[in-house]
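K.L.:
Could you work out the structure for the sequence below:
(2 chains)
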Protein chains: 2
Amino acid sequence: MNQKRVENVLRRLEARGLSQIMISDPYSIFYLTGRYIDPGERFFALYLSSDGNHRLFINNLFTVPEDLGVMKIRFSDSQDAAALFCGYVDHDAVLGVDKNLPARFLLRMMELNAAKDYVNASDCVDLVRSCKDEQERERMREASRLNDLAMGRFLDLVKPGVTEEEAALQMGPIYRSLGAEGYSFEPLVAFGRNAADGHHAPDGTPLREGDCVLFDVGCRKDGYCSDMTRTFFFRRASERSRQVYEIVRKANEAAEEAVRPGVRFCDIDKAARGVIERAGFGPNFTHRLGHSIGLEVHEPGDVSGSHSDPVQPGMTFSIEPGVYLEGEVGVRIEDLVLVTETGCEILNRFPKTLKMIG
Amino acid sequence: MNQKRVENVLRRLEARGLSQIMISDPYSIFYLTGRYIDPGERFFALYLSSDGNHRLFINNLFTVPEDLGVMKIRFSDSQDAAALFCGYVDHDAVLGVDKNLPARFLLRMMELNAAKDYVNASDCVDLVRSCKDEQERERMREASRLNDLAMGRFLDLVKPGVTEEEAALQMGPIYRSLGAEGYSFEPLVAFGRNAADGHHAPDGTPLREGDCVLFDVGCRKDGYCSDMTRTFFFRRASERSRQVYEIVRKANEAAEEAVRPGVRFCDIDKAARGVIERAGFGPNFTHRLGHSIGLEVHEPGDVSGSHSDPVQPGMTFSIEPGVYLEGEVGVRIEDLVLVTETGCEILNRFPKTLKMIG
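P.N.:
All right, here's what the predicted structure looks like:
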């Protein structure tokens, strides 16, 4: 167990007037114990209590190191794990639970009167996770460094007639050859008008001269995610495409310049959106500016107009403005940023100047 | 909406004394409406009521056909969707909910007194889904037919020195070239002693003479999953490997012969396990015999010693006995079967006789 992280969670728990929490998110359990397990449909929970009697409830099928720093409560598939868990809960106190705890466990615990009441207390963990510590910052930098290197290699995949799907399939081996564990999400490769479709997945569309080439890609390294988008043009770009590209690039840069501790997420969104709106493309920027990222590619904490919390040192999120002209072209430019004590560190160094390839 | 399937769910609901259910599993919603949507963290639910006032609650971000046959209730990201949903629930009746409904929605609904009480009613949908109708049976056959064809092509990947990972990476394009949508699960490729490790994932292990070559693979076609395992040997096999292979093959065949309506899942497991136990390898068959399959690669309904329900026509599940000798060799042979009115149809036709390759 990482005692410092556990203490931070307990402090937030106390601030909410809670004395116990059941953490079931596998990434949150990894964050606190250093061990990642995908339990599938099986019961898996870390119980933290203000009295220090923490327990990890884990099926016999899964192996964890002996010296995990938390007492393990083991059970088999034939046991009622939720009932077993209830035996360790303070029945006279409210129990904080994970936002994603499946109803089959929560209803069973309620049936057994496990606690006085139940509240969604995920924010006690999520807010701690959102501010990356030194080890995590280093891992976020490394994942994005590999992503920058990979983007350079992906340019070689761009050849006349290649399909989106063919290009996407070659990305996995490239990431692995660079030392990444694999994708942080399935790569998005979109050519030409497909780049303007928010729901597009790589298909058999072949590359043609004048197409934009949008790569929205990321890898995972030591558990941490990268995520970057670059938009290139194959051999030539129309005047309108160039204009749109420059607007998106300015929006990206304006938002990144706005990032520093205390600035609200919504104001960072506004910094990018303002550039695009003033250029007359407001309705073509159809999504939030970004999302938080870390052990998961999407973590709680939107960079959007409806999120008015201030950013804090250690937060990592994406800045990804886009302009989409239906049936014609789509441009998105995305970096990850890490909020520092005085401003921000842009984790992606791959150039953003307009680039013709092929 | 598929009215017949909806009626079957309502009938089971009635048998449990329930008048309303909130279905949130995206595959169950696909099963009933014909439309698959991955809502991510967003609220997405199909409400079915015995009075026929069914409703689909869906975020504005997702597109569905106009003529879906169910009234759509739309909302945006800035709305409290769970609260909106509560306005349509019969507050004086118990509400059946999905086993996986996240706590953040369930607790919010409870806070708003959406219903008189809440029960896990997933079985009302899962038991209907477990018996495949004619259209589904055809799709299950087709997915396994493609898997048989793919297995033949995978043999070409087996070359001296090839690594597990290199072989696995080439399987996706082969599936797609055969017309599948993609994997039903990440392919498992294991050489030699790696095949004896239940937690193994394809890595850089190179193929060597005498290794067993275990392929546990499946694709998705028209939404339905295939799943098959074959174990080959590269150029030669030790006497012990051959012996183990024949035991596993006999276990596989004994179980398949036992499948007919009315036979209990546990007795099918026993038919295979008995063969392996009598040969003295009982402790080396470390898992259940199989799992149900359909729209998801693992559906409720284990083929195991602890599941004593009888199988019924239309059920589809895997038969996958294995013997694992740590540090030496692992053999597993898996087919999918479809229970018919009189016995069973084995969906995989790829030969199971001991085969040397390379």
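K.L.:
Next one: A:V323, what pLDDT does it get?
P.N.:
We have a pLDDT of 97 for A:V323.
K.L.:
Give me the pLDDT for the residue in the stretch 251-358 of chain A positioned nearest to chain B.
P.N.:
The stretch 251-358 of chain A approaches chain B most closely through A:S306 (5.8 Å), counting by C-beta to the nearest C-beta. C-beta: built from backbone N, CA, C; applies to glycine. Note on A:S306: pLDDT of 90.
K.L.:
residues in contact with the residue most central in space within chain A?
P.N.:
In chain A, the residue lying closest to the centroid (C-alpha atoms, centre = their mean) is A:V297, at 2.2 Å. Contacts for A:V297 (C-beta atoms under 8 Å, 6 or more residues apart in numbering or on different chains) come out as A:S184, A:F185, A:G218, A:C225, A:D227.
K.L.:
Of these, which is the nearest to chain B?
P.N.:
Closest approach to chain B among the contacts of A:V297 (C-beta to the nearest C-beta): A:F185, at 11.5 Å.
K.L.:
so that closest one touches A:D227, yeah?
P.N.:
Yes. With contact defined as C-beta atoms under 8 Å, A:F185 counts as touching A:D227 (7.2 Å).
K.L.:
Now do the residue lying closest to the residue of the stretch 251-358 of chain A closest to chain B once chain neighbours are set aside against A:F62, distance only.
P.N.:
Among residues not flanking A:S306 along the chain, B:S78 sits closest, at 5.8 Å (C-beta to C-beta, 6 or more residues apart in numbering or on different chains). As judged by C-beta to C-beta, to the nearest Å, B:S78 and A:F62 stand 40 Å apart.
K.L.:
So these two - more neighbours on which side?
P.N.:
Using other C-beta atoms under 10 Å in any protein chain shown as the criterion, B:S78 and A:F62 rank with A:F62 on top: 14 against 8.
K.L.:
what's the nearest residue to the more buried one if we skip its chain neighbours?
P.N.:
Spatially, and ignoring its direct neighbours in sequence, A:F62 is nearest to A:I37 (5.0 Å; C-beta to C-beta, 6+ apart).
K.L.:
Ok, A:P300 next?
P.N.:
Nearest to A:P300 is A:D126, by C-beta to C-beta, 6+ apart, at 4.6 Å.
K.L.:
residues in contact with the one you found?
P.N.:
A:S28, A:E299, A:P300, A:G301.
K.L.:
In strands, which of these appear?
P.N.:
Members of the contacts of A:D126 lying in strands (criterion: DSSP state E): A:E299, A:P300, A:G301.
K.L.:
Which single one of those is nearest to B:F44?
P.N.:
For those, the minimum distance to B:F44 (C-beta to C-beta) is 18.5 Å, reached by A:P300.
K.L.:
Please look at that closest one and A:V128 and confirm they touch.
P.N.:
No. Between A:P300 and A:V128 there is no contact under C-beta under 8 Å: 11.3 Å.
K.L.:
For those two, indicate the residue with more neighbours.
P.N.:
Remark: of A:P300 and A:V128, A:V128 carries more neighbours, 21 against 17, as counted by other C-beta under 10 Å.
K.L.:
Assign that one to helix, strand or coil.
P.N.:
helix (DSSP: H, G, I helix; E, B strand; the rest coil).
K.L.:
and the gap between it and A:G69?
P.N.:
For A:V128 relative to A:G69 (C-beta to C-beta), the value is 17 Å.
K.L.:
now swap in A:C124 and tell me
P.N.:
From A:C124 to A:G69 the distance is 20 Å (C-beta to C-beta).
K.L.:
which of those two has more neighbours?
P.N.:
Ranked by neighbour count (other C-beta under 10 Å), A:C124 and A:G69 place A:C124 first, with 23 against 14.
K.L.:
how about A:D51, what does it touch?
P.N.:
A:S19.
K.L.:
Likewise for A:R108?
P.N.:
Contacts of A:R108 (C-beta under 8 Å, 6+ apart): A:D80, A:A82, A:A83, B:N120.
K.L.:
Which ones among these map onto strands?
P.N.:
B:N120.
K.L.:
Now the buried members of the contacts of A:R108.
P.N.:
A:A82, B:N120 (16 or more other C-beta atoms under 10 Å in any protein chain shown).
K.L.:
Report the two of the contacts of A:R108 separated the most.
P.N.:
Farthest apart among the contacts of A:R108 - using C-beta to C-beta - are A:A83 and B:N120, which lie 14.4 Å from each other.
K.L.:
For the stretch 201-350 of chain A, what lies in contact range of chain B?
P.N.:
Counting by C-beta under 8 Å from any C-beta of the partner chain, the stretch 201-350 of chain A comes close to chain B at A:H298, A:S306.
K.L.:
same thing but at 10 Å, please
P.N.:
Applying C-beta under 10 Å from any C-beta of the partner chain, we find that the stretch 201-350 of chain A lies next to chain B at A:A201, A:G204, A:T286, A:H287, A:R288, A:H298, A:P300, A:D302, A:S304, A:G305, A:S306.
K.L.:
Which pair of those spans the longest distance?
P.N.:
Every pair of these checked by C-beta to C-beta; the farthest is A:G204 and A:S306, at 37.7 Å.
K.L.:
Just give the closest residue to the residue lying farthest from the centre of chain A, not the sequence neighbours.
P.N.:
Distance from the C-alpha centroid of chain A peaks at A:D92, with 36.3 Å (C-alpha atoms, centre = their mean). The shortest distance from A:D92 to any non-neighbouring residue, by C-beta to C-beta, 6+ apart, is to A:K116 (5.8 Å).
K.L.:
does that neighbour really touch A:H91, like I thought?
P.N.:
Yes. When contacts are counted by C-beta atoms under 10 Å, A:K116 is listed as touching A:H91 (6.9 Å).
K.L.:
What separation do you get for the nearest residue to A:S238 once chain neighbours are set aside and chain B?
P.N.:
In this structure, A:S238 finds its nearest non-sequential neighbour in A:G210, 6.8 Å apart by C-beta to C-beta, 6+ apart. Distance from A:G210 to chain B, counting by C-beta to the nearest C-beta, to the nearest Å: 27 Å.
K.L.:
what do you get for A:E239?
P.N.:
Taken as C-beta to the nearest C-beta, the span from A:E239 to chain B is 32 Å.
K.L.:
Give the phi and psi angles for A:L347, as a check.
P.N.:
phi -80, psi -20 (degrees, to the nearest 10).
K.L.:
In three-state terms, label the closest residue to it other than its chain neighbours for me.
P.N.:
Distance criterion C-beta to C-beta, 6+ apart; nearest residue to A:L347, sequence neighbours excluded, is A:S144 at 3.8 Å. Secondary structure, three-state DSSP: A:S144 is helix.
K.L.:
A:S144 is in contact with A:C219, isn't it?
P.N.:
Yes. A:S144 lies in contact with A:C219 (C-beta under 10 Å); the separation is 9.1 Å.
K.L.:
Common neighbours of the two, please.
P.N.:
Each of A:C225, A:S226, A:D227, A:M228 lies in contact with both A:S144 and A:C219 under the rule C-beta atoms under 10 Å, 6 or more residues apart in numbering or on different chains.
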